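Undergrad: below are the sequence and a predicted model for it; my questions follow.
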Amino acid sequence: MGFNTPEWIVNASVADANLYKNFGFNLSYRWQSSYYWQSFLVNGDVPSFQSVDAQLSKNLKWLSIKVGATNIFNHYYYSFLGGPAIGGFYYTTITYNLK
């Protein structure tokens, strides 16, 4: 059995929680090299993939609002053979501050 991990993984992020007038952002990039997957179920090559995540936020006096996405371009990829394809996930979060 192999170790089942890629040789290279890159994660890079740029963020600022209060960039301008209580607006913030987070931008992340992920890349993973291809590798050979071995298991009792399936053996084969897992292709390399890249993904971009993004989030915008606004802090108000009593509320925090976040809008974002993981895998924002919705390019499906596999992190291991025999598993599900991973696509985009889009979300909105509203948090009430009890101060």
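TA: It's in. Residues are numbered from 1 along each chain as shown.
Undergrad: drop to CA atoms for contacts and neighbour counts, all remaining ones
TA: Will do.
Undergrad: which strand residues bridge the one residue sitting closest to the centre of the chain?
TA: Taking C-alpha atoms, centre = their mean as the criterion, Thr70 is the residue nearest the geometric centre of the chain, at 4.3 Å. In this entry, Thr70 is beta-bridged to Phe89, by DSSP bridges.
Undergrad: pLDDT weak spots in this protein?
TA: When the per-residue scores of the chain are filtered using pLDDT under 70, the ranges that remain are 1-2, 99.
Undergrad: what ranges do the strands span in it?
TA: Listed in chain order, the strands found in the chain under DSSP state E are 9-20, 23-32, 35-38, 43-46, 49-59, 63-70, 89-96.
Undergrad: what angle do the first one and strand 23-32 make?
TA: Put plainly, it is strand 9-20. 170 degrees (axes from the mean of the first three to the mean of the last three C-alpha atoms, to 10 degrees).
Undergrad: can you give me how far strand 9-20 is from the chain middle?
TA: From the chain centre to the centre of strand 9-20 is a distance of 12 Å (C-alpha atoms, centre = their mean, to the nearest Å).
Undergrad: which helices and strands sit right next to it?
TA: Helices and strands touching strand 9-20, as assessed by 3 or more C-alpha pairs under 8 Å, 6 or more residues apart in numbering; DSSP states H and E, comprise strand 23-32.
Undergrad: any buried residues in the strand it packs on, and which?
TA: Neighbour counts using 16 or more other C-alpha atoms under 10 Å place Phe23, Gly24, Phe25, Leu27, Ser28, Tyr29, Gln32 of strand 23-32 among the buried residues.
Undergrad: skip the chain neighbours and tell me the closest residue to the last one.
TA: Meaning Gln32. Ile9 (4.5 Å; C-alpha to C-alpha, 6 or more residues apart in numbering).
Undergrad: coming back round to it: want to throw the strands of the chain into TSV with distance to Tyr78?
TA: Converted to TSV, the strands of the chain look like this (distance: least, C-alpha to C-alpha, whole Å):
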stretch	distance to Tyr78
strand 9-20	14
strand 23-32	11
strand 35-38	11
strand 43-46	7
strand 49-59	8
strand 63-70	15
strand 89-96	15
